[in-house]
Each structure stands twice: as C-alpha cells, then as structure tokens.
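S.K.: I need the structure of the sequence given here:
(chains A and B)
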Amino acid sequence: DQQVKQNSPSLSVQEGRISILNCDYTNSMFDYFLWYKKYPAEGPTFLISISSIKDKNEDGRFTVFLNKSAKHLSLHIVPSQPGDSAVYFCAAFARFDGANNLFFGTGTRLTVIP
Amino acid sequence: DAGVIQSPRHEVTEMGQEVTLRCKPISGHNSLFWYRQTMMRGLELLIYFNNNVPIDDSGMPEDRFSAKMPNASFSTLKIQPSEPRDSAVYFCASSWRGSNTEAFFGQGTRLTVV
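M.R.: Now for the predicted structure:
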C-alpha cells in the first residue's frame, strides 16, 4: 500500500509560469519530507526538503509547503524553466525502531513548454 | 567523492537466468537502500540495510529476490530465476543514518528480462 501518493502522473506548464506538484502521505510518523528530481537515465537527485516542524521552506525558485493536518505537501517552482522538465518524486522519512524509513511516491512528470 | 556506484548500467537476460546487481555506497554512509522503479508503482523500496544488517525486506516481491551486504562498501541484489515482470530500473541509494539527510542515488541498473 502506497504511503506516499502523487496522484498526478504528469503536468505541463508554460515557461515562466508556476509549477505546482502535489503529494499526500498517510503515516503521521513521517517527520521529514523531501523532493527529488530525476532526469532520464540518471538516478534521482535531492532537490529540497522540509521538516515537520515547519510549514514552508524556500530555496531559490523552489518552495515546499507542508500541511500536516491534511498530510499534504506541495512543491512550487516559480518561474518554471525548460530545464526543470523532469520527473519529480516526493519522499517521506521517519525513524522508528532505530531504523531509517524513506518512502517515495510514484512521481510526477513535469514538462515545461518553452 | 564518486557517489553511489551501480553496475551494470544495463542488463538484458533471458527468463530463468540469474541476475546480480551491484552497488557501492558512498564511503562513510551506513544506510543502504535498494529501490525498483516501475511506471505503475514509482520508486518501491525493496530492502534496506543499516550497518550492513538488513532491517526491512518486506518490500522484496518474492523469494526469487535476495540482497546481501557483506561489508560497508558493497551490496548485491540477486534475482533467481528472473522473469519478464522483473524488468525495471533498480536503484541503490545510501545515506548517513545519524541525521535526516537526503539519500544519494546511483544511476540505476536497467534490467530487461526477455
């Protein structure tokens, strides 16, 4: 059963506009959330993260918002650029029983149209 | 640092054959993860190790799958016998267990079972 869900498999956005990628999770034990970006034929690379004690984290054009009550987070990219075209994975982390647990969503393919 | 190194990058094999995927984590990292990426399920966690010890293998799909980590710098994922439905991209990732840092991924092994 998916503990982290990305319900939109794809998203197309015009260059310069905002891209919003959404993610939902089910386990309230998750206390750290990450977004990864993946280009074809490469492994996912870390993009931005947020701790559960915050509701917003910003890094340049990328901002992640966390709504704990709704168990929802989103990634905003403003302004979107063609180089942002990639698959974006949401991930949730929790440490319990002394072990790391990192779960990923199914990914959203973002296409930024020039 | 060379990052997480996986080999081979591509593997094509016939159904019924044994397949071994290899991973060298980043030096100093003591958590290692094996993921499988498919279109339908995104990045699925198969198994992970902390300090070379398998912690959770509940994601391993069947007994045909096995993973080992004989030392801190090497891990293998074996499929025996392989089946066409095992075709996917398999990623290895490593992280430092002591903090909520992101996991670093290898470039993946694309497995095709014909």
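S.K.: what pLDDT is listed against residue 99?
M.R.: Chain wasn't specified; assuming chain A. On pLDDT, A:Ala99 comes in at 65.
S.K.: that answer is for a different chain, and I need it for chain B
M.R.: pLDDT, B:Ser99: 49.
S.K.: which ones are touching the residue nearest to the spatial centre of chain B?
M.R.: Chain B has B:Trp34 as the residue nearest its centroid, 3.1 Å off, counting by Cα atoms, centre = their mean. With contacts defined as Cβ atoms under 8 Å, 6 or more residues apart in numbering or on different chains, B:Trp34 is in contact with B:Cys23, B:Leu45, B:Leu46, B:Ile47, B:Tyr48, B:Ala67, B:Ser75, B:Leu77, B:Tyr90, B:Phe91, B:Cys92. No exception for glycine: its C-beta is placed from N, CA and C like everyone else's.
S.K.: how about the residues of chain A that lie near chain B?
M.R.: Within chain A, the residues that sit near chain B (Cβ under 8 Å from any Cβ of the partner chain) are A:2, A:6, A:31-32, A:34, A:36, A:41-46, A:49, A:51, A:89, A:91, A:93, A:95, A:98-107.
S.K.: before we move on, back to that, and the contacts of B:Trp34, which is closest to B:Phe104?
M.R.: B:Cys92 (9.7 Å; Cβ to Cβ).
S.K.: residues near the closest residue to that closest one other than its chain neighbours, how many?
M.R.: Of all residues not flanking B:Cys92 in the chain, B:Cys23 sits nearest, at 3.5 Å (Cβ to Cβ, 6 or more residues apart in numbering or on different chains). Close neighbours of B:Cys23, defined as other Cβ atoms under 10 Å in any protein chain shown, add up to 25.
S.K.: next structured bit after the helix or strand of chain A with the lowest mean pLDDT?
M.R.: In chain A, no helix or strand scores lower on mean pLDDT, DSSP states H and E than strand A:99-104, which sits at a mean of 76. Counting by DSSP states H and E, the next helix or strand C-terminal to strand A:99-104 is strand A:108-113.
S.K.: returning to that earlier point: only whichever of the residues of chain A next to chain B are buried, select them in ChimeraX.
M.R.: Of the residues of chain A next to chain B, the buried ones can be selected in ChimeraX as follows, counting by 16 or more other Cβ atoms under 10 Å in any protein chain shown:
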select /A:6,31,32,34,36,43,44,49,89,91,93,95,100,101,102,103,104,105,106,107
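S.K.: all the strands of chain B, in order from the start?
M.R.: Assigned by DSSP state E, chain B shows strands spanning B:5-7, B:10-13, B:19-24, B:31-38, B:42-50, B:53-56, B:65-71, B:74-79, B:88-95, B:104-105, B:109-113.
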